[in-house]
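1. Sequence and predicted structure are below.
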Amino acid sequence: MKRNLLVTVLILALIAVFASFSFAEVKNPDIIISVIKEGVETMDPHWANDNPSMFEVISNCYDNLLNYKRGSTSEFVPMLATEVPSVKNGLLSEDGLTYTFPIRKGVKFHNGDILTPEDIAYSIKRALVFDRAGGLSYLFFEPLLNCIGIEEIACKVAGVEKYSDMFEANDPRGELKSEYKEAMSKVITDYVDKVVSIDGNKVIFHLAHSYGAFLSIIPHYCPWSSIIDKKWAIEQGAWDGKADTWWKYHDPVKEKDPLYQIVNGTGPFMLKKWVPGETVMLERFDDHWRGPAKIKNVQTKFITEWTTRKLMLQTGDADIVSVPIQYLDEVKEMEGVRIIENLPSLANILFMWTWTINAKGNSYIGSGKLDGEGIPLDFFSDIHVRRGFCYLFPYDVYISKVLKGKAMRSPSPLEYPLLGFSDDPELYYEFSLEKAKEEFEQAWGGQLWEKGCKFNINYPEGWVEHKAACDMISTYAKMINPKFEITPVGLQWSASLDAAWTEKCPIFIYKITPDYPDPHNNIQYLMGSKGGLSGFCFGEAYIKFAEKNVDPLIRKALKETDPEKRAALYKELTQIAHDQAISLYLYQPIAHFVERNWVKGWYYNPLRSSDYQDFYSLSKGE
Amino acid sequence: MLSYIIRRLLLLPIILLGVTFLIFCVFSLLSPMQRLATYVHDPGSLKSAQSIERLIDKYHLDDPFPFGYINWFKRILHFDLGWSQAANQPVWEAICQRFPATLELVLYSIIPVVLVGIWLGVISAVHHNDMLDQTIRVAAVIGWSLPTFIFGLFVLFIFYGILGWLPPCRLSPWAQDLVYTSNNFRSYTHLVTIDALLNGNIPIFWDALRHLIAPIITLSYVEWAGLLRITRSSMLETLRKDYVRTARAKGVDEHTVIHLHAERNALIPVITIAGMLIIWMLGGVVITETIFTYPGVGFWMASAAQQLDYGSVISFALLFATLMVMGNLVVDVSYALIDPRVRLE
């Protein structure tokens, strides 16, 4: 009896204790808690190439020379520079080769050091030297040095074919052979040092050629052009700025990167603690040059499980939560939660086809011949095949039923509202089985229609909406001709790397997000003969086509500095994309943002996925 | 017994070599492009053929199989477990960060698992085939067959979503701030509840405990059923033994017969199972850790396997295999110590 009474009292006491932790008004008023799906990979701006690192942490801790005007993807405002270079204000030369940035005075780094033009020059040069494989520093090389990377320059100066040839045991992370030391030093003295100079309080960029997109690779949300503290970076073990050591700091493995887990920027937040895989804690930098942020602390948590994120939002333990589109309805009726919808996001989903397929070990193309049991390697080099598929897809039904209306048609490689985006109805392929049939009947001199085809269409495993798109293509193809056997196959990420990037996939559905919001990024990537996707996954036949028909226009548009003229050139390129059915452009997602209604100050920035925040503008209150 | 122990310990390096070699073999079946997936999560970062070649060279993804294994082995001999791409930190640091979390969860969970499992197993055996036994067995079947993720989500939904009592993760934001960044909090064991007591910080102790309860409930409910069945079966067999009948015939009270004579002997096989259960759970309880976003080794290993981060998988396999071997040895030795009839040859 006594024991039972004791147990009951204990249980009641525990309930009372736990109940006191229950729902409260504006939870954690001094901290904004943002919950995202993936973890941060690095704190080094020159390493970062993942959204959480770039947009959740680096852009809140580091500043750039310029920023985007709120909500715009093409208008700039000063940040660490005091003016935006233009021909009108004389800070951009008329030939487009020189950009001058007067630097703001009195800006402090988190450790108290004062920003100087040397920090800016060092930051850019370090980006060039660092140039890690798979990183984003390569974006500087095209305008500043007219090449793809520092290794290309090194090989040219040293007169070798491969960069690793200059090192003992062909290990670029090992000892440099002594005979190459002088040549390697010249990479800095004759090339890197010449791209940026200092004149009093001004930093001057010297371009190799006119580059209309240059200002788009400088501003905020471009981590590769974040400004770091030179003195501090060298103290931590980063490149010392000297010409005769740079190769030791080039393309390190992550564990050897001295800045991978530390931060010292001029941004409104300092890094308090990063627990990999768990959380990043930021605290307000009170000496920030714009004035201190309204919120004192920020905590970003990495939680992959949707139910957990949802419940944290519901209970108020999370202020901002990443909500996948398929779960949006679950939070719509949630008390105390605000949802902002219909936000155009800079992403493009498309079917890409390989104009020349790699036959080696390829199980996706059946017999490899146009005999009804497969497709030939150059199947998609026939324009009628490509156009046929473009007419085959039920775009509106797909957007309304599968995507629940949370997308807009994307008629071209460019997304709205990028410069050059065109909404011309002529650019949209309509869903028409009649027209698809007409095109297929003409393809391959009529042989395709007569014999049929058999091949796989690939999508990344786990992407339900992409699978649905592939199913639709397969279904409608069979509907117009029962001899068309197209089988959707989901690929794990590792398998898709192996298949798509070795030109084995006949058709592959893919999502791209631009590195920076300039049409050159998209067009080059998706249409250029040396584009990251088109030059690499579309095959030899496409490269030849692009060299002749696309590259000259791309170069012309890139060199043009007048925005109106550039826009006209990109419209011309999108017309080519349409006429030649270079890819099947599906849709541009419409994003949404979900927060507790006690969060104030959020604004939409299309450059930064709605999953990641500009914490400087945020506060909490009733 | 000493020679037995030494022989078992001598087998350890061979086992570790075999396990790691096997894992390496599996990963080496993947092409260099496939293994590149460990380092490239966004295809947008592959801007050119050169960037792919550079990445493959940089991470030695096309090294012939024996070289890759030998290079890894050489590093292990220097106690360098390498880098975890999945954790974004050295493997050793990842283990030191995550293993204590799993250890803490397992140590707390094993108490209800063992106590409840044994207690109910004994009751069930003593009340063989009557209503109580049937009820307990039905509850055991439910526990045994209920998928962990369903029960875990249920617990999360009720105790956190509706009641707000038992939140996920390891600590609340204010506690995390103190534990991770404050100079006033020293981590002695990296078991937060223990460290909180050692620091005399009761609010952090309660906060950590509050975050542990839901995963403990989930883990315990799923695991006690197995232990119950073994205890029941062992107890039933023991209760039929002659010495138990003799004790009853001598007039020993039933409580003494059950708890002093029968239970102690019935628990011998149960100890074996309980020991193995602890070791198995230390390998990471992936689903529970995922649902409650509990930052233990299980969740990390699941991510590492998905990302083909073989460096992490192999290194953790080393640790886990060592634990398994040592754990098995301890169980076998304790078995021999408890039951004098057992001889270790």
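-> Cool, got the structure.
2. Can you give me every residue that contacts the closest residue to chain B within the stretch 101-250 of chain A?
-> Here the stretch 101-250 of chain A gets closest to chain B at one residue, A:Ala133, 3.5 Å apart by C-beta to the nearest C-beta. For the C-beta atoms, the positions are set from N, CA and C on the backbone; glycine is no exception. Counting by C-beta atoms under 8 Å, 6 or more residues apart in numbering or on different chains, A:Ala133 makes contact with A:251, B:51, B:54-55, B:58.
3. same thing but 10 Å
-> Counting by C-beta atoms under 10 Å, 6 or more residues apart in numbering or on different chains, A:Ala133 touches A:149, A:151, A:251, B:39-40, B:45-47, B:50-59.
4. same check, this time on A:Lys544
-> Going by C-beta under 10 Å, 6+ apart, the list of residues near A:Lys544 reads A:355-356, A:381, A:529.
5. Redo those as a markdown table? Include pLDDT.
-> Formatted as a markdown table, the contacts of A:Lys544 follow (pLDDT from 0 to 100):
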| residue | pLDDT |
| --- | --- |
| A:Trp355 | 96 |
| A:Thr356 | 95 |
| A:Ser381 | 95 |
| A:Ser529 | 93 |
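6. Who wins on neighbours among the residues you listed?
-> A:Trp355 (26 neighbours; other C-beta atoms under 10 Å in any protein chain shown).
7. just checking, that one touches A:Gly535?
-> No. Here A:Trp355 does not reach A:Gly535: they are 11.6 Å apart, not a contact under C-beta atoms under 10 Å.
8. any residues in contact with both of these two?
-> Joint contacts of A:Trp355 and A:Gly535 (C-beta under 10 Å, 6+ apart) are A:542-543, A:546.
9. ok, and the closest non-adjacent residue to A:Ser74?
-> A:Leu419 (5.5 Å; C-beta to C-beta, 6 or more residues apart in numbering or on different chains).
10. Assign a three-state SS to the nearest residue in space to A:Ala158 that is not next to it in sequence, would you?
-> Leaving aside its sequence neighbours, A:Ala158 sits nearest to A:Ala183 (C-beta to C-beta, 6+ apart; 4.0 Å). Following DSSP: H, G, I helix; E, B strand; the rest coil, A:Ala183 is assigned to helix.
11. correct me, but A:Ala183 touches A:Asp165?
-> No. In this structure, A:Ala183 is not within contact of A:Asp165 by C-beta under 10 Å, at 11.8 Å.
12. shared neighbours, those two?
-> Common neighbours of A:Ala183 and A:Asp165 (C-beta under 10 Å, 6+ apart) are A:155, A:158-159.
13. Quick check on the residues you listed: which are buried?
-> Among the shared contacts of A:Ala183 and A:Asp165, the ones that count as buried by 16 or more other C-beta atoms under 10 Å in any protein chain shown are A:155, A:158.
14. Would you check how far apart A:Lys125 and B:Thr246 are?
-> 90 Å (C-beta to C-beta, to the nearest Å).
15. Which one's more surrounded, these two?
-> Comparing A:Lys125 with B:Thr246 by other C-beta under 10 Å, the one with more neighbours is A:Lys125, at 20 against 12.
16. That one is in contact with A:Trp239, isn't it?
-> Yes. Contact criterion C-beta under 10 Å: A:Lys125 and A:Trp239 qualify, at 8.1 Å.
17. anything in contact with each of the two?
-> Residues touching both A:Lys125 and A:Trp239 by C-beta under 10 Å, 6+ apart: A:188, A:230, A:246.
18. want to try CSV for those residues, with distance to chain B and neighbour count as columns?
-> As requested, the shared contacts of A:Lys125 and A:Trp239 are exported to CSV (distance: C-beta to the nearest C-beta, whole Å; neighbours: other C-beta atoms under 10 Å in any protein chain shown):
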residue, distance to chain B, neighbour count
A:Ile188, 20, 23
A:Lys230, 26, 24
A:Trp246, 17, 23
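19. Quick one: residues contacting residue 72.
-> Since you didn't name a chain, this refers to chain A. With contact set as C-beta under 10 Å, 6+ apart, A:Ser72 has these partners: A:417, A:517, A:605-607.
20. Actually, chain B is the one I wanted.
-> Neighbours of B:Trp72 in contact, by C-beta under 10 Å, 6+ apart: B:20, B:24, B:80-82, B:310-311, B:314-315.
21. just B:Val222 next, same as before
-> B:Val222 makes contact with B:109, B:113, B:143-148, B:151-152, B:285, B:287-288 under the criterion C-beta under 10 Å, 6+ apart.
22. about what we covered before: which ones among the shared contacts of A:Lys125 and A:Trp239 lie within strands?
-> Per DSSP state E, strands hold no members of the shared contacts of A:Lys125 and A:Trp239.
23. Burial check on the residue nearest to A:Ala158, number of neighbours?
-> For A:Ala183, using other C-beta under 10 Å, the count is 18.
24. distance of it from A:Leu144?
-> From A:Ala183 to A:Leu144 the distance is 20 Å (C-beta to C-beta).
25. cool, and A:Leu65?
-> Distance from A:Leu65 to A:Leu144, by C-beta to C-beta: 14 Å.
26. Of these two, which one has the most company?
-> Neighbour totals were compared for A:Leu65 and A:Leu144, and A:Leu65 leads with 29 against 24 (other C-beta under 10 Å).
27. Quick check: that one touching A:Val107?
-> No. Judged on C-beta under 10 Å, A:Leu65 makes no contact with A:Val107 at a distance of 11.5 Å.
28. intersection of neighbour lists for the two?
-> Counting by C-beta under 10 Å, 6+ apart, the residues touching both A:Leu65 and A:Val107 are A:79-80, A:227.
29. just the residues you listed that are near chain B?
-> Among the shared contacts of A:Leu65 and A:Val107, no residue sits close to chain B (C-beta under 10 Å from any C-beta of the partner chain).
30. Name the residues of the stretch 351-500 of chain A found near chain B, please.
-> A:361, A:460, A:492-500.
31. how about 6 Å then?
-> Contact residues (C-beta under 6 Å from any C-beta of the partner chain) of the stretch 351-500 of chain A with chain B: A:493-494, A:497-498.
32. try the stretch 501-622 of chain A
-> Residues of the stretch 501-622 of chain A lying near chain B (C-beta under 6 Å from any C-beta): A:532, A:536.
33. that older thread, and the residue of the stretch 101-250 of chain A closest to chain B, its phi and psi?
-> A:Ala133 adopts backbone torsions of phi -60, psi 130, taken as degrees, to the nearest 10.
34. Tell me how far it lies from B:Asp133.
-> To B:Asp133, A:Ala133 is 65 Å away according to C-beta to C-beta.
35. What's the per-residue pLDDT of the residue of the stretch 101-250 of chain A closest to chain B here?
-> Looking at A:Ala133, its pLDDT is 89.
36. And the pLDDT at the closest residue to it other than its chain neighbours?
-> Spatial nearest neighbour of A:Ala133, excluding adjacent residues (C-beta to C-beta, 6+ apart): B:Arg54 at 3.5 Å. Looking at B:Arg54, its pLDDT stands at 87.
37. Can I take it that B:Arg54 is in a strand?
-> No. B:Arg54 sits outside any strand when classified using three-state DSSP, being helix.
38. Now for it, how many residues are close by?
-> Residue crowding around B:Arg54 was assessed by other C-beta under 10 Å; the count is 21.
39. and if you look at A:Asn597?
-> 12.
40. That one: what's its closest spatial neighbour, skipping adjacent residues?
-> A:Arg338 (4.5 Å).
41. SS state for the one you found?
-> Using three-state DSSP, the structure places A:Arg338 in strand.
42. hang on, isn't it packed against A:Val599?
-> No. A:Arg338 lies out of contact with A:Val599 (C-beta atoms under 6 Å); the separation is 7.7 Å.
43. So which of these two has more stuff around it?
-> The neighbour count for A:Arg338 versus A:Val599, taken as other C-beta under 10 Å, is higher for A:Val599 (20 against 14).
44. Who are the contact partners of the more buried one?
-> When contacts are counted by C-beta atoms under 6 Å, 6 or more residues apart in numbering or on different chains, A:Val599 touches A:319, A:620.
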